[in-house]
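# curious how this folds, go ahead:
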Amino acid sequence: GETKHCFIKNDDRAPEVKVIKWTNPHWSSQDFNFTIRNNEHTKNFTLDGHPYDDQTASYYETSQYLQAGEVEITESETEGWFQESARCYEVKNWGLYPISQPFKAELGKDYVCKFINTQYGRVEVTKVNDLNNDGEWDEGEPTLSGWEMNLEGRDREDNCDVDFDVSAIALFEQAESNQL
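As a prediction, the model looks like this:
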């Protein structure tokens, strides 16, 4: 018999996923925690916040560990922030093509997932007895409790009512930007 030698070359490139984190307000130092699930594998990673109009957003790129198959990326809830958007795309020659999550990653293809979060607003109001009517809280002017404060938003059907406590301070926390 004759002996033949065969060489098998595998040019298939592992799929790559780039996860991008954008925030409002810009340049937040807040850490955001993510999990990427790929078939039976799970990897956790953290990104910090960057503005969504900045070209150098905080991002995470998968390495060669990613396999073809099901991919799901989730972001843990972060106190004081709400997620405006979480979208994934397949990268094609002409741009980004929207896909749903979880998605099936294919060999040789690239994907981008963008997560946008906005920080909740916080308004602190102190009711003061302006004894000299100058519009300023001067030393010696007392705070007033027992008043009701209403926070209204232009695009919001319901409003926030808060009663001043004994310290005469009312807090509106986790207000969305259209309420302030």
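
# checking R13 next. Helix, strand or coil?
Secondary structure, DSSP: H, G, I helix; E, B strand; the rest coil: R13 is coil.

# so what secondary structure elements neighbour the longest strand belonging to the chain?
Counting by DSSP state E, the longest strand found in the chain is strand 81-92. In terms of contacts (3 or more CB pairs under 8 Å, 6 or more residues apart in numbering; DSSP states H and E), strand 81-92 is packed against strand 69-75, strand 95-99, strand 110-119. All C-beta atoms are positioned from the backbone trio N, CA, C, and that covers glycine.

# ok, now which ones touch the residue lying closest to S29 once chain neighbours are set aside?
Distances taken as CB to CB, 6 or more residues apart in numbering put D48 closest to S29, at 6.3 Å, once the chain neighbours are dropped. Taking CB atoms under 8 Å, 6 or more residues apart in numbering, we find D48 in contact with K21, S28, S29, Q30, D31, F32, S58.

# now name the helix or strand holding the first one.
Counting by DSSP states H and E, the element that carries K21 is strand 16-24.

# which residues sit against that strand?
In contact with strand 16-24 (CB under 8 Å, 6+ apart) are residues 30, 32, 34, 36, 45, 47-52, 54, 57-62, 66, 71, 73, 81, 84, 105, 109-119, 177.

# coming back round to it: nearest to T143, out of the helices and strands packed on strand 81-92?
The closest of these to T143 is strand 110-119. By CB to CB, the value is 27.8 Å.

# which elements pack onto that closest one?
Packing partners of strand 110-119 (3+ CB pairs under 8 Å, 6+ apart): strand 16-24, strand 31-38, strand 69-75, strand 81-92.

# that one vs strand 69-75, what angle?
20 degrees (axes from the mean of the first three to the mean of the last three CA atoms, to 10 degrees).

# quick one: strand 110-119 to chain centroid distance?
With CA atoms, centre = their mean, to the nearest Å as the basis, strand 110-119 stands 7 Å off its chain's centre.

# and what of stretch 126-141?
The answer for stretch 126-141 is 40 Å, by CA atoms, centre = their mean.

# how about that stretch: buried residues?
Neighbour counts over stretch 126-141 (16 or more other CB atoms under 10 Å) mark K127 as buried.
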